[in-house]
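Trainee: based on what follows, work out the 3D shape:
(4 chains)
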4 protein chains.
Amino acid sequence: MLAQISMFPLGKSSGLSEDVAGVIDRIDKSGLPYQLTAMGTLIEGEWDEVMELIGRCRKLLLEKHERIYLVLKVDEQPGVTGKLRGKINSVEKRLGHQVSK
Amino acid sequence: MLAQISMFPLGKSSGLSEDVAGVIDRIDKSGLPYQLTAMGTLIEGEWDEVMELIGRCRKLLLEKHERIYLVLKVDEQPGVTGKLRGKINSVEKRLGHQVSK
Amino acid sequence: MLAQISMFPLGKSSGLSEDVAGVIDRIDKSGLPYQLTAMGTLIEGEWDEVMELIGRCRKLLLEKHERIYLVLKVDEQPGVTGKLRGKINSVEKRLGHQVSK
Amino acid sequence: MLAQISMFPLGKSSGLSEDVAGVIDRIDKSGLPYQLTAMGTLIEGEWDEVMELIGRCRKLLLEKHERIYLVLKVDEQPGVTGKLRGKINSVEKRLGHQVSK
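Mentor: Predicted coordinates for the structure are as follows:
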């Protein structure tokens, strides 16, 4: 499945990159394929491993902040992998040219 | 924490209420406080119990559908409970009148 | 169409009800059918009128805050109205009992 | 402001890339900075121009589908631009290494 997660503490309007960096470091060490974007991080993996990882990331934020907010989107299709890149390739094939970098 | 979850199969543009009813029945039996709305269901509980419940609900949909989509929002503030009703009460107190039914 | 909107300033972890109350007051005065929940507000209406309303609400927050965050979900099905209550009724009919209050 | 938008027809579990390609083509022609990802498209611009563009994209889907679903996240901070790349740079600076490609 493919997940896109955004999480941040409420109570800060700047300096959020420090919190995000801690979370990304944790995701990076999980070994799961992921992509950092300016509005959230995409992670590919099985439900249990992705949710367990997200649970640990949010715990990290709660160690330093009293309240956090999180938005998660999931596209799950058992048996289909490689969607992190595959979905973009399908769209670019239709367009006839590359739009991602 | 307070969660709001929307989940549905991709591949159906009508008759979604049958799928939603199955999910709501599962949530109802969990014993956790919840509220059904036309755009998702609010659930209040601890991270582990809410996520485990959502995991089972999504499994239910995957038994009948090959691909599902899910959007989850979480507002987590350890030590604060009763937010399902409390957040609305705070807003109505500010407004000086009741807007919820 | 049916929209569900959550918006709040980044930089505050408490006292959010004051901001939400200002937004709800604006929505209430629009005359559009809406429902306040603990995780966002549902609004029913045509795309243009709902988006124009949301635009004004977010402007209200930006008058007092330097940075805001907003999550919007839309279920649009032209020609179908009364979904704010209709979707819940369909689910409760399937369940055979009422779960909303 | 920075927006992340996902939109798709309900009623299709495959072949979504054709719909997405039509939407991306429209976004590409708008001239606004954007980034296609496997879980949505990021667009940077002013509220009015981004919302007007999203309105047109969703109209495109409604020409061919009877019901659509849309999730939009917005991070708005007036006066701050270049966030599409800037937010990632801040995180990578904290991490001390590049994680995006």
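Trainee: residue A:81 in helix, strand or coil?
Mentor: What DSSP: H, G, I helix; E, B strand; the rest coil gives for residue A:81 is coil.
Trainee: distance of the closest residue to it other than its chain neighbours relative to chain C?
Mentor: Counting by CB to CB, 6 or more residues apart in numbering or on different chains, residue A:81 lies nearest to residue A:44, which is 7.2 Å off, once chain neighbours are set aside. For every residue, glycine as well, the C-beta is placed using N, CA and C. Residue A:44 is 23 Å from chain C, where distance means CB to the nearest CB, to the nearest Å.
Trainee: for residue A:44, name its beta-bridge partners.
Mentor: According to DSSP bridges, the residues that bridge with residue A:44 are residue A:2.
Trainee: residues touching it, list them.
Mentor: A:1-3, A:32-34, A:50, A:81-84 (CB atoms under 8 Å, 6 or more residues apart in numbering or on different chains).
Trainee: nearest to chain C among those?
Mentor: Nearest to chain C among the contacts of residue A:44, counting by CB to the nearest CB, is residue A:3 at 16.0 Å.
Trainee: pretty sure the closest one sits against residue A:43.
Mentor: Yes - with contacts counted by CB atoms under 8 Å, residue A:3 reaches residue A:43, the gap being 4.9 Å.
Trainee: who touches both of the two?
Mentor: With CB under 8 Å, 6+ apart, residue A:3 and residue A:43 have common neighbours A:50, A:54.
Trainee: residue numbers of chain A in contact with chain B?
Mentor: Taking CB under 8 Å from any CB of the partner chain as the contact definition, chain A meets chain B at A:47-48, A:51, A:55, A:58, A:62, A:66-78.
Trainee: report the buried members of these.
Mentor: A:47, A:51, A:58, A:62, A:67-77 (16 or more other CB atoms under 10 Å in any protein chain shown).
Trainee: show me what contacts the residue lying farthest from the centre of chain A?
Mentor: Distance from the C-alpha centroid of chain A, by CA atoms, centre = their mean, peaks at residue A:96 (27.8 Å). Not one residue lies near residue A:96 by CB under 8 Å, 6+ apart.
Trainee: that one and residue C:72: what is the separation?
Mentor: 31 Å (CB to CB, to the nearest Å).
Trainee: any idea what the nearest residue to residue A:61 once chain neighbours are set aside is bridged to?
Mentor: Distance criterion CB to CB, 6+ apart; nearest residue to residue A:61, sequence neighbours excluded, is residue A:68 at 4.8 Å. Taking DSSP bridges as the rule, residue A:68 bridges to residue A:9, residue B:76.
Trainee: okay, residue A:68: pLDDT?
Mentor: pLDDT, residue A:68: 96.
Trainee: pretty sure residue A:50 contacts residue A:43?
Mentor: Yes - if you go by CB under 8 Å, residue A:50 and residue A:43 touch, sitting 5.4 Å apart.
Trainee: quickly list what's touching both of those two.
Mentor: Overlap of the contact sets of residue A:50 and residue A:43 (by CB under 8 Å, 6+ apart) consists of A:3, A:32.
Trainee: what about residue A:7, which SS state?
Mentor: strand.
Trainee: okay, the closest residue to residue A:28 other than its chain neighbours and residue A:71: tell me how far apart.
Mentor: For residue A:28, ignoring the flanking residues on the chain, the nearest one in space by CB to CB, 6+ apart is residue D:99 at 6.3 Å. Taking CB to CB as the measure, residue D:99 falls 20 Å from residue A:71.
Trainee: what does residue A:62 give?
Mentor: 16 Å.
Trainee: check residue A:9 too.
Mentor: Applying CB to CB to residue A:9 and residue A:71 gives a distance of 14 Å.
Trainee: with residue A:7 instead?
Mentor: Distance from residue A:7 to residue A:71, by CB to CB: 8 Å.
Trainee: please apply the same query to residue A:21.
Mentor: Separation of residue A:21 from residue A:71 (CB to CB) stands at 19 Å.
Trainee: where does the residue most central in space within chain A sit: helix, strand or coil?
Mentor: What sits nearest the mean C-alpha location of chain A, by CA atoms, centre = their mean, is residue A:41, with 2.7 Å. With three-state DSSP as the basis, residue A:41 sits in strand.
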